[in-house]
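Chemist: this one's sequence-less:
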């Protein structure tokens, strides 16, 4: 949390689609420089203001759109892609190895130590990890 490259990704998951498969309804991406929301209509909001990609949010953050997808990129090597199908992909650069937490794991190349709870204890399964890391600053 003290790193200048700190970021947080919150995904709102909905099970109200016709096929009953849970999917992302929106993604919220937090950086020190900006807060970005992409909703299910692929509309982008930066610090509460509607923004059309492509756009430079800051010297470090950019937005792009291709093939219906919206990507939020940060110079630290973070990219968050949100697709109209409700898929979210988070990629990070090697400089963030072993510095991540939450359901995506710690990115150290060892899948065996990825299922960690916020207090550092090992979780029993992915469901326990996802439940423990739910964003408490969001309702639901």
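Modeler: Okay, I see it. The structure displayed is predicted, hence computed values, not measured ones. Numbers count the residues shown, from 1 in each chain.
Chemist: need the next SSE after the helix or strand residue 38 falls within, C-terminal direction.
Modeler: Here residue 38 sits within strand 35-39, counting by DSSP states H and E. Downstream of strand 35-39, the next assigned helix or strand under DSSP H and E is strand 44-46.
Chemist: so for that following strand, what gets flagged as buried?
Modeler: Across strand 44-46, burial judged by 16 or more other Cβ atoms under 10 Å covers 44, 46. Glycine gets a C-beta too; all of them are placed from N, C-alpha and C.
Chemist: name the residues that touch that strand?
Modeler: Residues from elsewhere that reach strand 44-46, judged by Cβ atoms under 8 Å, 6 or more residues apart in numbering: 34-39, 50-53, 55, 57, 63, 70.
Chemist: got a PyMOL select line for the buried ones in those residues?
Modeler: In PyMOL syntax, the buried subset of those is picked out as below (16+ other Cβ under 10 Å):
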select buried, resi 34+36+37+38+39+51+53+57+63+70
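Chemist: neighbouring contacts of stretch 28-37?
Modeler: By Cβ under 8 Å, 6+ apart, the surrounding residues in contact with stretch 28-37 are 4, 6-12, 26-27, 38, 44-48, 57-58, 60-61, 63, 72, 74, 80, 138.
Chemist: pLDDT of that stretch, averaged?
Modeler: In this model, stretch 28-37 carries a mean pLDDT of 96.
Chemist: and the end-to-end length of it?
Modeler: 5 Å (Cα to Cα, to the nearest Å).
Chemist: measure residue 127 to residue 72 for me?
Modeler: 27 Å (Cβ to Cβ, to the nearest Å).
Chemist: which one's more surrounded, these two?
Modeler: Using other Cβ atoms under 10 Å, the more surrounded residue of residue 127 and residue 72 is residue 72, with 27 against 10.
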